[in-house]
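K.L.:
just need the structure, nothing else, for what follows:
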Amino acid sequence: MADQSPVDASRGLSGASLPTIGARKRSLSKPARALRLVLSAIDPRAYAHLFRMINFYNHTHVIPRRAAAIHPSAAVSPDAMFSHGERIEIARGARIGSRCCIWAGPSRARVVIGENALFGPEVMITAAGYRFNDGSPVTDQRMDEADVIIGRDVWLATRVIVLPGVTIGDGAIVGAGAVVTKSVEPGAIVVGAPARVVGQRRIVAASGSVGEAR
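P.N.:
Numbering: from 1, shown residues only. Predicted structure coming up:
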């Protein structure tokens with residue numbers, strides 16, 4: 001068997017580079033960091049990128065938020081992102097966490113969020129998804145749309161994903177990282193990908209009695 005060249009020897013059978021053992025992260029000296037700061041401050045590319053970020057924030061938050069029907073008492077994080085805000089409704093007392101994405105459909109599908117709903121960071125709700133069997137590339141495909149309804153007093157924990165056509169009933173809880181592909185009954189506790197029921201929420205009344213959420 002012929003000897004491998006140095007280039008071939010550093011790659012696995014798939015052509016990917018093999019891991020390097022014992023590599024060290026390079027640390028810059030204080031003068032080098034100071035020089036980097038000065039060069040960054042006078043680099044016009046940094047300011048051009050800043051304008052791109054302002055434009056991105058404007059069309060993913062400022063403009064669609066103005067178009068959405070958001071109750072004055074709802075608390076929406078300033079880094080939440082919206083798409084097609086004219087089809088988004090957020091009711092009284094709802095709380096939308098940092099970096100959440102709420103995307104209504106491009107033509108008709110709505111996202112409706114009920115009273116006192118609580119969204120953890122990076123929750124993703126979309127009312128539309130690309131088809132994938134109509135040809136190629138995927139970005140040229142049409143999108144299927146369906147309303148997403150989030151009931152009152154629902155808690156969606158960190159990084160929950162809710163797909164088109166889902167209704168989450170009042171009082172339900174969705175665990176962190178769950179992917180909700182089907183509707184959830186009121187008061188249900190669901191986790192996993194795809195989300196599955198693991199329990200029922202029980203609410204203690206002021207009198208001390210316990211009842212199921214409805």
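K.L.:
only C-alpha atoms for contact and neighbour calcs from this point on.
P.N.:
Noted.
K.L.:
ok, the spatially most central residue of the chain - contacts?
P.N.:
With distances taken as CA atoms, centre = their mean, the chain has Met124 as the residue nearest its mean C-alpha position (3.3 Å). Met124 makes contact with Cys100, Cys101, Ile102, Arg159, Val160, Ile161, Val162, according to CA atoms under 8 Å, 6 or more residues apart in numbering.
K.L.:
distance of the first one from Gly129?
P.N.:
Pointing back at Cys100 there. With the distance defined as CA to CA, to the nearest Å, Cys100 ends up 17 Å from Gly129.
K.L.:
report the contact partners of Ala75.
P.N.:
Contacts of Ala75 (CA under 8 Å, 6+ apart): Gly93, Ala94, Arg95, Ile96.
K.L.:
please read the previous query as pertaining to Ala69.
P.N.:
The contact partners of Ala69, by CA under 8 Å, 6+ apart, come to Gly85, Glu86, Ile88, Glu89, Ile90.
K.L.:
again, 10 Å this time
P.N.:
Neighbouring residues of Ala69 by CA atoms under 10 Å, 6 or more residues apart in numbering: Gly85, Glu86, Arg87, Ile88, Glu89, Ile90, Ala91, Val112.
K.L.:
how far away is it from Ser136?
P.N.:
Distance of Ala69 to Ser136, given as CA to CA: 36 Å.
K.L.:
likewise for Arg95?
P.N.:
Arg95 sits 39 Å away from Ser136, going by CA to CA.
K.L.:
do Leu163 as well
P.N.:
Distance check for Leu163 against Ser136: by CA to CA, it reads 22 Å.
K.L.:
go on, Arg66?
P.N.:
When Arg66 is compared with Ser136 (using CA to CA), they lie 35 Å apart.
K.L.:
same question for Ile42.
P.N.:
The spacing between Ile42 and Ser136, counted by CA to CA, is 44 Å.
K.L.:
cool, Val190 as well?
P.N.:
Look at Val190 and Ser136: by CA to CA, they are 35 Å apart.
K.L.:
looking at these two, which is more packed in?
P.N.:
In this comparison of Val190 against Ser136, neighbours counted by other CA atoms under 10 Å, the higher total goes to Val190 at 24 against 9.
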